[in-house]
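S.K.: can you look at this prediction? I've put the sequence above it.
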Amino acid sequence: MEESKDDISMRYVSTLLAVKDVNRSKRFYQELFEQKVTMDFGRNVTFSGGFCIQQDFDWLADFPKDSIKERSHNMELYFEVDDFDAFIDKLNSFEDINYLHQAKMHEWKQRVVRIYDPDYHIIEIGESMAVIAARYLKQGYSVEETAKIIQHPIEFVESVAKGVIS
């Protein structure tokens, strides 16, 4: 097959968060979210989760520093955790955590908490949907009942039941 000259081989690489203090943010993501640094260029750090932090983003992108907005509330990083209660205990042991909201349960039975990172980017931490599905299955609910309760496709719940997703 001939390659088209219009084929530019586009691929998504990562999300970048503008931060004021790269070292403070690096510690935050390493200690609270157990993210491993895969590349550290000083003002730019990439984590194993596939996102980056960048100090001096205004310099890099060439726009005025005062145009960077805090608490824009228009995006979030999303993490899932298998043991939500243990994570909440860990979160409570950290000082200076700013909450968007405390732990709550959504109608699909997922417990979540939303916090801000040091630069006021929203971070959502949710209980793993696979763990929730497994819990309902273990309680004797059928695949179909579980799918309805957690508002996920039957195929997802079947995969959890078969151990394909955990």
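M.R.: Nice, I can see it.

S.K.: what mean pLDDT does stretch 26-42 have?
M.R.: For stretch 26-42, mean pLDDT is 97.

S.K.: so how far is that stretch off the chain centroid?
M.R.: Distance, stretch centre to chain centre, for stretch 26-42: 14 Å (C-alpha atoms, centre = their mean, to the nearest Å).

S.K.: same thing with stretch 45-54?
M.R.: 12 Å.

S.K.: tell me the centre residue of the protein?
M.R.: residue 78 (2.2 Å; C-alpha atoms, centre = their mean).

S.K.: ok, that residue - contacts?
M.R.: Residue 78 makes contacts with 123, 124, 126, as judged by C-beta atoms under 8 Å, 6 or more residues apart in numbering. Glycine gets a C-beta too; all of them are placed from N, C-alpha and C.

S.K.: the same query, at a cut-off of 6 Å, please.
M.R.: By C-beta atoms under 6 Å, 6 or more residues apart in numbering, the contact set of residue 78 is residue 124.

S.K.: I'd guess it is in a strand, am I close?
M.R.: Yes. According to DSSP: H, G, I helix; E, B strand; the rest coil, residue 78 belongs to a strand.

S.K.: just the buried positions in the top helix by length along the chain, please.
M.R.: Determined from DSSP state H, the single longest helix within the chain is helix 22-33. Neighbour-count burial for helix 22-33 flags 22, 25, 26, 28, 29, 32, 33 (criterion: 16 or more other C-beta atoms under 10 Å).

S.K.: and it, how far out from the chain's middle?
M.R.: Put simply, helix 22-33 sits 14 Å off its chain's centre (C-alpha atoms, centre = their mean).

S.K.: and it, what does it pack onto?
M.R.: Secondary-structure packing of helix 22-33 (3 or more C-beta pairs under 6 Å, 6 or more residues apart in numbering; DSSP states H and E): strand 51-55.

S.K.: which strand residues bridge the closest residue to residue 119 other than its chain neighbours?
M.R.: Among residues not flanking residue 119 along the chain, residue 19 sits closest, at 4.8 Å (C-beta to C-beta, 6 or more residues apart in numbering). Using DSSP bridges, the bridge partners assigned to residue 19 are residue 55.

S.K.: now swap in residue 115 and tell me
M.R.: So, taking DSSP bridges as the rule, residue 115 has residue 99, residue 123 as bridge partners.

S.K.: of all the buried residues of helix 22-33, which comes closest to residue 119?
M.R.: Using C-beta to C-beta, residue 25 is the member of the buried residues of helix 22-33 that sits closest to residue 119, with 6.6 Å.

S.K.: the closest one contacts residue 121, correct?
M.R.: No. Taking C-beta atoms under 6 Å as the definition, residue 25 is not a contact partner of residue 121, at 9.1 Å.
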